[in-house]
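[1] coords please:
(one chain, ligands or ions: 2)
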Amino acid sequence: MEIVQVLDKKFSLYISKEQIRERVKEVAAEIEKDLKDKNPLFLVILNGSFVFGADLLREMNFPCEITFIRMSSYEGTSTTGEVKQVIGLRESIEGRTVVVVEDIIDTGYTMKEMLRILNEKNPESIYVTSLFVKPENLKVDVKIDYRCFDIDNDFIVGYGLDYDHYGRNLPDIYKVVE
Ligand code: 5GP
Ligand code: MG
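    Ligands and ions are numbered 1, 2, ... in the order given. Here you go, the predicted model:
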């Protein structure tokens with residue numbers, strides 16, 4: 001399918017599932033080479049990263065653990081307004097090698113805050129892998145150790161990523177038709 005409709009918008013095919021599979025294998029091989037002796041704990045950020053996380057983890061041929069977390073945000077009473085929290089992390093990450101698995105890094109604010117919170121829990125080291133990065137939109141300096149695709153600023157859906165909760169089930173990546 002070249003064009004799909006998700007809610008009120010049309011999207012066109014952008015990156016096929018075959019291209020994703022190939023690139024995920026390459027990135028997984030890099031991670032394996034670096035971390036296979038580290039017993040890493042993969043932290044998959046819900047909801048968007050569930051497909052990427054599932055595919056990435058099945059390429060890991062060494063002992064590792066996986067768990068799922070999410071960032072919640074609520075309007076705080078502080079002057080900065082938005083307060084973020086990491087929820088769902090029951091495992092201790094103290095002394096562990098952690099790999100944060102993210103679907104897309106846009107401005108970078110979410111990842112920056114995630115890393116700040118995780119670093120307070122004294123892991124040995126934290127690595128970041130992101131399926132997509134929008135380099136032109138990055139507003140903060142955030143380390144991204146393993147990235148699959150750098151993309152332009154168009155809004156994308158599919159392979160776990162949503163448009164207003166829909167479209168996560170699409171096997172390929174689509175971008176919005178303006
Ligand atoms: P940021 O890096 O700006 O803090 O936020 C990253 C988050 O913005 C992602 O986790 C995702 O929820 C959302 N996001 C940014 N760009 C896109 C996009 O093109 N498509 C979708 N579905 N979500 C996006
Ligand atoms: Mg995300």
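
[2] mind exporting the one helix or strand residue 10 maps to as CSV, just the C-alpha atoms?
    Take DSSP states H and E as the rule and residue 10 turns out to sit in strand 9-15. Extracted C-alpha coordinates of strand 9-15, given in CSV (Å, rounded to 0.1, in the frame of the first residue of the first chain):
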residue,chain,number,x,y,z
LYS,A,9,-4.8,12.4,7.3
LYS,A,10,-3.2,10.7,4.4
PHE,A,11,0.2,9.1,4.6
SER,A,12,2.5,7.8,1.9
LEU,A,13,5.0,4.9,2.1
TYR,A,14,8.3,6.2,3.3
ILE,A,15,10.5,3.3,4.7
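
[3] Whichever helix or strand comes after that strand - contacts with which helices or strands?
    Downstream of strand 9-15, the first helix or strand assigned by DSSP H and E is helix 17-35. Judged by 3 or more Cβ pairs under 8 Å, 6 or more residues apart in numbering; DSSP states H and E, the packing partners of helix 17-35 are helix 50-57, strand 97-105, strand 125-133, strand 146-150. Every C-beta, even on glycine, is put in place using the N, C-alpha and C of the backbone.

[4] Out of the ones you listed, flag the one nearest residue 66.
    In this view, those are compared for proximity to residue 66 by Cβ to Cβ, and helix 50-57 is the closest at 5.5 Å.

[5] Now tell me what touches stretch 156-175 from outside.
    Residues from elsewhere that reach stretch 156-175, judged by Cβ atoms under 8 Å, 6 or more residues apart in numbering: 4, 6-7, 9, 11-17, 20, 47-52, 103-104, 131-132, 154-155, 176.

[6] Which ones among these also lie next to ligand 1?
    Contacts with ligand 1 within the contacts of stretch 156-175, counted by Cβ under 6 Å from any ligand atom: 48, 103-104, 155.
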